[in-house]
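K.L.:
this one's sequence-less:
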DNA sequence: GCCATCATGAAATATAGA
DNA sequence: TCTATATTTCATGATGGC
């Protein structure tokens, strides 16, 4: 195990120290707060002392964790017994932060007896409001994010998302007159920040206000979680998910999974077809937290996605082509249990056409090459010889339509762009980084060949960030990430660009070259959390997973895309399917995910 | 029929170091 | 100049969606 721990002596270590002090409802042993403080927070949230006492008693244990108590409180507050008094329910809902107007509206719409419907309606109202606020917040953050890329100097690495000093300044300025603005800048929705300030009072510390917001958000999250709690309890005693099957076993599943056209998943920005409810709901057994996010190539041999889905709780994959996010195609499938409401893009968004993304190519782009999008960025590029051949042919037969067509075919096959007169060349590594949403020169310092290989195997950051964006309001204080097959850290770059703090990243990556790239990213972006590196997924057995979860309070997100070598269409040598040497590591993803979920269940109890 | 596809391995060539 | 290592180049189809 390779352990890169953040140095404790850094001068700018203010935030995490503060957060450690105020850590609240996470079920981490090290994060358990004093019971008096917990009770005070529950009272602030609108629960009566009587109800809190009952919840503590029903939760059981010598020192029940706040998260468990809160869960019990929600069960009690929405039980038929508790709903006997309409005014009491109204008071409690208002006490939870919902406006009186909305509560009354929800009751009128759904009837006073139907508490669950009322709660769902209120959550929807709140979600809509949060979404609006999030949009405002995105606009406000544009200036920060616009500095992320440098078009002028490719030799300068710019990681200007939320630097440590920026974050510190924001926190330090909290006690000034613009507290609401400060909270909004930190990423909290305006409504929640406003309520929190009102409820906590003028003399409240930053810790208390942030704590209050987090508690309210956790409460909302728990409400959805609670709906499936019975099922989850049952899950604890269930056997692990189905183990691997032979390809011959899954023929009947083939028909269940088809690639969508257009390949927009549950929807993408700027295209019609956005949906906010899954057509096939996530089975209760698979509801998070912990959340997981699995990725692989969309076009696999038949039956592979059906098999992968069956091993990941029968969640249907979301197929998305990243050409809806950038100027290059990238057809991928994602199986995840993330919410899909209120997704948002990271800023700045990439350009959507080749010519906009690489303006210098406009001068040389021939009219007969109609491409506006590139094909998938692969792990290998065309040779310099091909560029020479194309130039020579064009010098002789520039006006020959047959030659033009042949050359366009070559350009499509090898993803060439026009960089000079009659000169079609492959993308430079830094150009691929830009297409894929990475910082300029993210992969600098390794051989050119390795850069292409690593980039060809990576996530498209904007696409993944769009999916992960729903975590931002759920975890304003940051998340613990278990990153399998980390590669060059596409998932972590997405979280960083979303400004979701990473308190912990446990990374598994077999390539030393990739580990070095990711570690450089971690250091250059001044990450405050801990980075723990493993080389091989096989090193991560149940004992190690449980130890890490005990130490850090569990994982909030398990993310990774297992090797596609044996699935990818470009492989002419060993496209042997999911049981191939590399691609069968998918089963390790399942094993580790199940170990995390199982341990998380035990920790909740 | 057309088209795109997170690739692999061997041979050829270039580079670095003694 | 020789040798070891690194990099570039080339040849290698099948699959599945439309």
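P.N.:
Received it, and whenever you're ready, just let me know what you need. Bear in mind that the values here come from a model prediction, so they are computed numbers and not experimental data.

K.L.:
count of neighbours near whatever residue of the stretch 401-550 of chain A ends up closest to DNA strand B?
P.N.:
Nearest residue of the stretch 401-550 of chain A to DNA strand B: residue A:412, at 3.9 Å (Cβ to the nearest atom of the strand). Every residue, glycine included, has its C-beta placed from N, CA and C. For residue A:412, the neighbour count with other Cβ atoms under 10 Å is 13.

K.L.:
show me the contacts for it.
P.N.:
Residues near residue A:412 by Cβ atoms under 8 Å, 6 or more residues apart in numbering: A:371, A:375.

K.L.:
that one and residue A:376: what is the separation?
P.N.:
Distance from residue A:412 to residue A:376, counting by Cβ to Cβ, to the nearest Å: 11 Å.

K.L.:
quote the end-to-end distance of stretch A:527-541.
P.N.:
This stretch, stretch A:527-541, spans 27 Å end to end (Cα to Cα, to the nearest Å).

K.L.:
apologies, that question was intended for stretch A:345-363.
P.N.:
End-to-end for stretch A:345-363, by Cα to Cα: 31 Å.

K.L.:
now it: buried residues?
P.N.:
A:345-347, A:350, A:354-355, A:357-358, A:361 (16 or more other Cβ atoms under 10 Å).

K.L.:
got the phi/psi numbers for residue A:400?
P.N.:
phi -80, psi 110 (degrees, to the nearest 10).

K.L.:
number of nearby residues for it?
P.N.:
13.

K.L.:
quick one, what contacts residue A:260?
P.N.:
Applying Cβ under 8 Å, 6+ apart, the residues near residue A:260 are residue A:319.

K.L.:
again, but for residue A:286
P.N.:
Neighbour list for residue A:286: A:312-315, A:337 [criterion: Cβ under 8 Å, 6+ apart].

K.L.:
dump those residues to JSON lines, plus distance to residue A:266.
P.N.:
Compiled in JSON lines, the contacts of residue A:286 are given as follows (distance: Cβ to Cβ, whole Å):
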{"residue": "A:312", "distance to residue A:266": "17"}
{"residue": "A:313", "distance to residue A:266": "17"}
{"residue": "A:314", "distance to residue A:266": "17"}
{"residue": "A:315", "distance to residue A:266": "12"}
{"residue": "A:337", "distance to residue A:266": "13"}
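
K.L.:
farthest pair in those residues?
P.N.:
Pairwise distances among the contacts of residue A:286 were taken by Cβ to Cβ; the largest, 11.3 Å, belongs to A:314 and A:337.

K.L.:
before we move on, the earlier item: could I get the contacts of residue A:286 as JSON lines with secondary structure, pLDDT and distance to residue A:597?
P.N.:
Converted to JSON lines, the contacts of residue A:286 look like this (DSSP: H, G, I helix; E, B strand; the rest coil; pLDDT from 0 to 100; distance: Cβ to Cβ, whole Å):
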{"residue": "A:312", "secondary structure": "coil", "pLDDT": "97", "distance to residue A:597": "11"}
{"residue": "A:313", "secondary structure": "coil", "pLDDT": "96", "distance to residue A:597": "9"}
{"residue": "A:314", "secondary structure": "coil", "pLDDT": "94", "distance to residue A:597": "15"}
{"residue": "A:315", "secondary structure": "coil", "pLDDT": "96", "distance to residue A:597": "13"}
{"residue": "A:337", "secondary structure": "coil", "pLDDT": "97", "distance to residue A:597": "10"}
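
K.L.:
ok, stretch A:276-296 near DNA strand B or not?
P.N.:
Yes - if you take Cβ under 7 Å from any atom of the strand as the test, stretch A:276-296 does meet DNA strand B, through A:295-296.

K.L.:
what does stretch A:418-433 give?
P.N.:
No - Stretch A:418-433 is not in contact with DNA strand B by Cβ under 7 Å from any atom of the strand; minimum separation 12.0 Å.
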